[in-house]
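Engineer: Quick one, structure for this:
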Amino acid sequence: MIASLDGDAAAYRPGGMNRFTMTEFLRPLEATAHLCGLTWAEPFILHDSIQMSDAERQAATEAYGARLAEAIAATRP
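Structural biologist: Okay, the predicted model is just below:
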């Protein structure tokens, strides 16, 4: 899962503007994945995505690609 957020990381913490972490916001999806017998992987979260430079977007794209490659490799026998 990838989540692209317009807010900065400080907004997604206890006491921040949104009051909860992204992990807490996504907890119902994690529970649903568990009930369906799916493997839950930590989400790939981008904060301040609208403010990213082209170079930062490219680095995030590469990091997400690497994360997906690791997940795929982990499922192969």
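
Engineer: other SSEs contacting the lowest-mean-pLDDT helix or strand in the chain?
Structural biologist: Of all helical and strand segments in the chain, the minimum by mean pLDDT, DSSP states H and E falls on strand 2-4, at a mean of 74. The helices and strands touching strand 2-4, judged by 3 or more Cβ pairs under 8 Å, 6 or more residues apart in numbering; DSSP states H and E, are strand 44-46. From N, CA and C alone the C-beta is placed, and that goes for glycine too.

Engineer: So for the strand it packs on, mean pLDDT?
Structural biologist: Here strand 44-46 scores 88 as its mean pLDDT.

Engineer: same question, stretch 16-34
Structural biologist: 93.

Engineer: Can you check which helix is longest in the chain?
Structural biologist: helix 54-75 (DSSP state H).

Engineer: Can I get it in PDB, CA atoms only?
Structural biologist: The C-alpha trace of helix 54-75 is given here as PDB (Å, rounded to 0.1, in the frame of the first residue of the first chain):
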ATOM      1  CA  ASP A  54      11.100  16.200  -9.200                       C
ATOM      2  CA  ALA A  55      14.200  14.600  -7.700                       C
ATOM      3  CA  GLU A  56      12.400  13.800  -4.500                       C
ATOM      4  CA  ARG A  57       9.600  12.200  -6.500                       C
ATOM      5  CA  GLN A  58      12.000  10.200  -8.500                       C
ATOM      6  CA  ALA A  59      13.800   9.000  -5.300                       C
ATOM      7  CA  ALA A  60      10.400   8.000  -3.800                       C
ATOM      8  CA  THR A  61       9.500   6.200  -7.000                       C
ATOM      9  CA  GLU A  62      12.700   4.200  -6.800                       C
ATOM     10  CA  ALA A  63      12.300   3.400  -3.100                       C
ATOM     11  CA  TYR A  64       8.700   2.200  -3.700                       C
ATOM     12  CA  GLY A  65       9.900   0.100  -6.600                       C
ATOM     13  CA  ALA A  66      12.500  -1.500  -4.300                       C
ATOM     14  CA  ARG A  67       9.900  -2.100  -1.600                       C
ATOM     15  CA  LEU A  68       7.700  -3.900  -4.200                       C
ATOM     16  CA  ALA A  69      10.600  -6.000  -5.500                       C
ATOM     17  CA  GLU A  70      11.400  -7.100  -1.900                       C
ATOM     18  CA  ALA A  71       7.700  -8.000  -1.300                       C
ATOM     19  CA  ILE A  72       7.500 -10.000  -4.500                       C
ATOM     20  CA  ALA A  73      10.800 -11.800  -3.700                       C
ATOM     21  CA  ALA A  74       9.600 -12.700  -0.300                       C
ATOM     22  CA  THR A  75       6.600 -14.500  -1.700                       C
END
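
Engineer: Noted, bye for now.
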